[in-house]
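Student: okay, here's the prediction I keep looking at, along with the sequence it came from:
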Amino acid sequence: MHVDPNLRARLRAGDPDAFGVLFDECAHAVYNLGFRLTANWSAAEEVVSLTFLEAWRLRDRIDPGSEPLRPWLLGIAANVSRNLARSSRRHQAALSRLPPPSPVPDFADGLAGHLDDSARLREVGKALGALRRDEREVIALCVWSELDYATVARALGVPVGTVRSRLSRARSKLRKLLPAAGEPAGGREQVLSDREKRGPAGTGGNR
């Protein structure tokens, strides 16, 4: 999302209407990234909320130039997702020390489609969980968010070569971890796609 100078100045000044425009343009991309990194719909919604709250807090850091703001927001979203994952692990560790809950009725027939989707999601999520955090982030930003290497490097604050090496390692690991069959539509092929490779001219997501 390229922001005109007037709107960018309004964002830096804390204009709520300007942030509404930013939200309308970028919330979907932030949600998708949050979902890919957390594998949880509720957590992804929380990523959106916290990302835009953090963007509001950091509004004076918005570049007055013409760089797209979408990568900046996705960089914030990656950090937010990382923090939520740490909190979730602490929460799960606490729950594991509690007695098991009572059995609940089985509604599998009515929820079969949903459970099937969830099982496939867990399969991909398990493979992604085997990656290092920085490898998951470059998969999410380069492949799913379709940002080029240079843009991801700016969003994460690392050199371009680091993005390339992390993505190469991640792709190599996922080829071994994800089965060739029985995975969700867009699973390994989407994770291992080549769409992110060439730069702004070859990416549809860097608007």
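Tutor: Arrived safely.
Student: now residue 134. Nearest residue, chain neighbours left out?
Tutor: If the residues on either side of it in the chain are set aside, residue 134 comes closest to residue 166, at 5.5 Å by CB to CB, 6 or more residues apart in numbering. C-betas here are computed from N, CA, C, even on glycine.
Student: what does residue 73 give?
Tutor: Nearest non-adjacent residue to residue 73 (CB to CB, 6+ apart): residue 26, at 5.2 Å.
Student: quick one: contacts for residue 8?
Tutor: Listed by CB atoms under 8 Å, 6 or more residues apart in numbering, the contact set of residue 8 reads 62-64, 69.
Student: which of those residues sit farthest apart?
Tutor: Spatial extent of those (CB to CB) is set by the pair 64 and 69 at 11.8 Å.
Student: ok, these two, which is more surrounded?
Tutor: residue 69 (20 against 9; other CB atoms under 10 Å).
Student: how about the strands in the protein?
Tutor: For the chain, no strands are identified by DSSP state E.
Student: so what's residue 38 up against?
Tutor: Contacts of residue 38 by CB under 8 Å, 6+ apart are 44, 47, 81, 84-85, 88.
Student: tell me the least confident of those?
Tutor: Least confident entry in the contacts of residue 38, by pLDDT: residue 88, with 58.
Student: pLDDT below threshold where in this protein?
Tutor: Applying pLDDT under 70 to the chain picks out residues 1-5, 66, 87-124, 179-207.
Student: what residues go with each domain of it?
Tutor: The chain resolves into domains spanning 1-94, 117-207 when parsed by automatic domain parsing.
Student: quick revisit: which of the contacts of residue 8 sits closest to residue 175?
Tutor: Among the contacts of residue 8, and counting by CB to CB, the member closest to residue 175 is residue 69, at 33.8 Å.
Student: roughly how far does the closest one sit from residue 58?
Tutor: Distance, residue 69 to residue 58, using CB to CB, to the nearest Å: 11 Å.
Student: which PyMOL command selects the buried ones in the contacts of residue 38?
Tutor: Selection of buried members from the contacts of residue 38 for PyMOL, criterion 16 or more other CB atoms under 10 Å:
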select buried, resi 44+47+81+84+85
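Student: would you turn the contacts of residue 38 into a markdown table with distance to residue 171?
Tutor: Shown next, in a markdown table, are these (distance: CB to CB, whole Å):
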| residue | distance to residue 171 |
| --- | --- |
| 44 | 23 |
| 47 | 24 |
| 81 | 20 |
| 84 | 25 |
| 85 | 21 |
| 88 | 26 |
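Student: what is the nearest of the contacts of residue 38 to residue 10?
Tutor: residue 47 (24.6 Å).
Student: I'd say the closest one and residue 29 touch.
Tutor: No - if you go by CB atoms under 8 Å, residue 47 and residue 29 don't touch, sitting 11.3 Å apart.
Student: about what we covered before: do I have it right that the residue nearest to residue 73 meets residue 72?
Tutor: No - contact between residue 26 and residue 72 fails when scored by CB under 8 Å: they sit 9.4 Å apart.
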